[in-house]
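Trainee: Starting from these lines, generate the structure:
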Amino acid sequence: MTVITVCTTCRRGEAREDRTLPPCGEAMLALVEDSASDAAAVTVRGTACLMGCEHGCNVAISAPGKMSYVLGSFAPEAESAEALVAYAALHAESEEGVVAYKQWPSGVKGHFVARVPPLD
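Mentor: I've put the predicted structure just below:
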């Protein structure tokens, strides 16, 4: 099972300075949850602060024994959520969590921040 972890406290641009504006992370979480509703091998959860403030909205894609990825600089939009879920489904299908670049949905290209080897 691949898990998409969405930073719920992420803020983009102007919202980083103006704390009266809501964090975009909550909206991103709702969009990803909606997009993943039919994805059998993908689950979604929210967490406070992935510490990638310069890259908000941030998400992590992980599964036990597989490569993990941190992606950022997303706008909380349905297209971004759909691309994340599509990539996570490919991650779930991969034995090591490595997805060939040619398979990446265009909506995730340019959004990778870090790759973390399996920690278990």
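
Trainee: could you pull out the strands for this protein?
Mentor: 2-7, 42-47, 59-62, 68-71, 112-116 (DSSP state E).

Trainee: What lies in contact with the biggest helix by length in the chain?
Mentor: Taking DSSP state H as the criterion, the chain has its longest helix at helix 78-93. In this structure, residues lying in contact with helix 78-93 by C-beta atoms under 8 Å, 6 or more residues apart in numbering are 1-2, 4, 28, 31-32, 34-36, 39, 41-42, 57, 59, 61, 63, 66, 69, 71, 74, 97, 99, 103-108. From N, CA and C alone the C-beta is placed, and that goes for glycine too.

Trainee: Quick one: the strands of the chain as a markdown table, columns for mean pLDDT and distance to A78 too.
Mentor: Compiled in a markdown table, the strands of the chain are given as follows (pLDDT from 0 to 100; distance: least, C-beta to C-beta, whole Å):
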| stretch | mean pLDDT | distance to A78 |
| --- | --- | --- |
| strand 2-7 | 98 | 14 |
| strand 42-47 | 98 | 14 |
| strand 59-62 | 98 | 15 |
| strand 68-71 | 98 | 16 |
| strand 112-116 | 97 | 21 |
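
Trainee: possible to save those as CSV with distance to A89 and mean neighbour count?
Mentor: Output for the strands of the chain, formatted as CSV (distance: least, C-beta to C-beta, whole Å; neighbours: other C-beta atoms under 10 Å):
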stretch, distance to A89, mean neighbour count
strand 2-7, 7, 24
strand 42-47, 6, 18
strand 59-62, 10, 25
strand 68-71, 14, 22
strand 112-116, 17, 13
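
Trainee: Redo those strands as JSON lines? Include distance to G13.
Mentor: Shown next, in JSON lines, are these (distance: least, C-beta to C-beta, whole Å):
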{"stretch": "strand 2-7", "distance to G13": "15"}
{"stretch": "strand 42-47", "distance to G13": "21"}
{"stretch": "strand 59-62", "distance to G13": "18"}
{"stretch": "strand 68-71", "distance to G13": "18"}
{"stretch": "strand 112-116", "distance to G13": "17"}
